[in-house]
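Enquirer: Following is a predicted model, sequence given first.
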Amino acid sequence: MVTDHLISLLDREGVSEIVMASSDDSTNDGADQVLTEERGYTRLLTLNRPRQLNALSFPMIMQLLNNLIAYEKDPEVKLLILKGRGRAFCAGGDVAAISRSVTEGHWTSGAQIFWNEFILNYIIATYSKPQVSILNGIVMGGGAGLSIHGRFRVATEKTVFAMPETSLGLFPDIGASYFLSRLPGFFGREYVGLTGARLDGAEMLACGLATHFVPSMKLTLLEETLAKVETSDHFAICAIIDQFSRRVPLKESSAFNGFDVINKCFSKETVEEILSALELETVDAANEWIVVAIRSLKKASPISLKITLRAIREGRVQRVGQCLMKDYRLCCHILRKEASNDFFEGCRAILVDKDRNPKWDPCSLDLVDVKVVDRYFSEVDDACWEDLKLPVRHASKL
Ligand SMILES: CC(C)(COP(=O)(O)OP(=O)(O)OC[C@H]1O[C@@H](n2cnc3c(N)ncnc32)[C@H](O)[C@@H]1OP(=O)(O)O)[C@@H](O)C(=O)NCCC(=O)NCCSC(=O)/C=C/c1ccc(O)cc1
């Protein structure tokens, strides 16, 4: 049974018990990778792997799960603050470790990490107490999963946000098809998800990925003020952050200023049509962001692009839990290397050898068989597999 491999056995009456029973007991490693601090009714969680840009390791996921479950039950906790040490909030899941563990072991060792990460994302998305994420640096992939599902996301002038998974042979997982598909127009949807475009704090605020923009020099004071709250009331917390936040103009070169072009191009039905529409826009005069978008789409894994487009479009009518269940299926197919080795090749090219020259298979969009893409969205044909089991929650956006 998969639950022998995947360590989370969830109590479906609630999240009261997540049994951790790993065969190698790796959950005990890295205890200092998430620092916890009690300040009155506020709990401050700091991601603490600055050298790896706080890439989310398995022990970090488990510690965050443990903390969040305990804090939700504890009446002495009213508010959570999540931040990262160093120049990143979190640069995503520790893909180098995952790639290593699957290459050296069984695909389910990678699935185990996804399983627990997605449960964590779900708990954050349905959390009964407010979470403020301080995004003062790099926020990518899994880092978005820790923050965007939460109630308050504070960007700064140092924030760099991206969902770069298509350049890694993956797709924007962590329930991203839920929040990306709910952003305005096609900006946050197809554009951000497919191209891996980097957004700054002003752009995050403009499209709704961030709820506030606070200059980084005011963050210490913001934290100190939040540490004095005695309530979980969202309006009260929002009013405090409002005192420190400011409106911030978009750069002239921002893709957000090309909203109409984005809507025109990224609303096309297929990735090929999106690419052609963008190329047409460059005939007269090309904005820098269009050139970068075309380059990114051409460099990304073709199969990842097709999976991403479909996942985001399906996400529009799915709840967050359904998006996470879909993501789990997709990840398991990817880990099993059923149709492509692209995720492992992407990890090699970007994080291991760093040649930034992945050899994708299939190597072009026209070689991606639509039936193969369909298969990624279906159940996994393996006796030791089961669908992601989500705990019963009491929040509204289940
Ligand atoms: C643009 C970055 C963020 C910064 O570039 P940089 O300023 O030139 O810094 P470095 O690239 O030198 O990064 C510093 C160190 O952090 C490491 N690092 C930097 N992100 C990472 C990282 N996501 N992982 C694992 N080491 C990293 C990076 O390898 C390096 O380690 P080292 O070579 O030992 O110094 C660059 O590091 C980068 O492209 N990182 C990858 C970002 C990325 O694709 N993130 C989304 C990943 S997808 C995701 O979240 C999936 C999660 C997942 C979950 C569960 C699964 O089972 C499978 C997957």
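Expert: Here it is on my side, so go on. Residues are numbered from 1 along each chain as shown.

Enquirer: immediately after the lowest-mean-pLDDT helix or strand in the chain, which helix or strand?
Expert: Of all the helices and strands that make up the chain, strand 18-20 has the lowest average by mean pLDDT, DSSP states H and E, namely a mean of 34. Proceeding C-terminally, strand 18-20 gives way to strand 34-39 as the next helix or strand, assigned by DSSP states H and E.

Enquirer: For that following strand, list the C-alpha coordinates in CSV.
Expert: Output in CSV follows, covering the C-alpha atoms of strand 34-39 (Å, rounded to 0.1, in the frame of the first residue of the first chain):
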residue,chain,number,x,y,z
VAL,A,34,12.6,26.2,10.5
LEU,A,35,13.1,28.5,13.4
THR,A,36,10.1,29.1,15.7
GLU,A,37,9.6,32.1,18.0
GLU,A,38,6.8,32.9,20.4
ARG,A,39,5.9,36.5,20.7
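
Enquirer: Could you list the paired strands of it along with their orientation?
Expert: strand 42-47 (antiparallel) (DSSP bridges).

Enquirer: what does the strand it pairs with rub up against?
Expert: Contacts to strand 42-47, defined as Cβ atoms under 8 Å, 6 or more residues apart in numbering, come from residues 33-38, 54, 56, 60, 64, 67, 71, 77-85, 89-90, 223, 226-229. Where C-beta positions appear, they are placed from N, C-alpha and C, glycine not excepted.

Enquirer: any low-confidence regions in the stretch 201-350 of the chain?
Expert: For the stretch 201-350 of the chain, applying pLDDT under 70 flags the ranges 285.

Enquirer: ranges for the helices of it?
Expert: Counting by DSSP state H, counting those that start in this stretch, one finds helices in the stretch 201-350 of the chain at the ranges 201-207, 219-226, 234-244, 259-266, 271-281, 288-299, 302-315, 320-335, 342-347.

Enquirer: Residues in contact with the last one: which ones?
Expert: Outside helix 342-347, the residues within contact range by Cβ under 8 Å, 6+ apart are 95-96, 98-99, 102-103, 167-170, 301, 303-304, 334-335, 337, 358-361.

Enquirer: Could I get the contacting residues of the nearest residue to residue 340 once chain neighbours are set aside?
Expert: Once its chain neighbours are removed from consideration, residue 340 has its nearest residue in residue 303; the separation is 5.1 Å (Cβ to Cβ, 6 or more residues apart in numbering). The contact partners of residue 303, taken as Cβ under 8 Å, 6+ apart, are 169, 339, 340, 342, 360, 362, 368, 372, 373.

Enquirer: Apply 6 Å and report the result again.
Expert: With contacts taken as Cβ atoms under 6 Å, 6 or more residues apart in numbering, residue 303 has the following neighbours: 340, 342, 368.

Enquirer: need the residues of the stretch 201-350 of the chain near the ligand, please.
Expert: residue 350 (Cβ under 6 Å from any ligand atom).

Enquirer: Please work out which residue of the stretch 201-350 of the chain is closest to the ligand.
Expert: The minimum distance from the stretch 201-350 of the chain to the ligand, using Cβ to the nearest ligand atom, falls at residue 350 (5.7 Å).

Enquirer: Can you tell me how far that residue is from residue 358?
Expert: From residue 350 over to residue 358 the distance is 7 Å, taken as Cβ to Cβ, to the nearest Å.

Enquirer: Same question for residue 204.
Expert: Distance check for residue 204 against residue 358: by Cβ to Cβ, it reads 28 Å.

Enquirer: So which of the two has more stuff around it?
Expert: Legend: neighbour count by other Cβ atoms under 10 Å for residue 204 and residue 358, higher for residue 204 (27 against 22).

Enquirer: just to revisit the earlier point, out of the contacts of helix 342-347, which end up buried?
Expert: By the neighbour-count criterion of 16 or more other Cβ atoms under 10 Å, those include these buried positions: 95, 98-99, 102, 167-170, 301, 303-304, 334-335, 358, 360.

Enquirer: residues contacting the residue of the stretch 201-350 of the chain closest to the ligand?
Expert: Listed by Cβ under 6 Å, 6+ apart, the contact set of residue 350 reads residue 168.

Enquirer: The ligand contacts on the stretch 1-150 of the chain?
Expert: The stretch 1-150 of the chain has residues 52-53, 55, 91-96, 98, 110, 113-114, 117, 138, 140-142 near the ligand, with proximity defined as Cβ under 6 Å from any ligand atom.

Enquirer: hmm, try it at 8 Å
Expert: Within the stretch 1-150 of the chain, the positions adjacent to the ligand are 51-53, 55-56, 87-88, 91-99, 102, 110-114, 117, 138, 140-143, 145 by Cβ under 8 Å from any ligand atom.

Enquirer: Nearest to the ligand: which residue in the stretch 101-250 of the chain?
Expert: Distance from the ligand to each residue of the stretch 101-250 of the chain (Cβ to the nearest ligand atom) is smallest for residue 141, at 2.5 Å.

Enquirer: Name the nearest residue to that residue, sequence neighbours excluded.
Expert: With Cβ to Cβ, 6+ apart as the measure, residue 92 is the residue that lies nearest to residue 141, at 3.0 Å, once sequence neighbours are left out.

Enquirer: pLDDT at the one you found, what is it?
Expert: Model confidence at residue 92, given as pLDDT, is 96.

Enquirer: Many thanks, have a good one.
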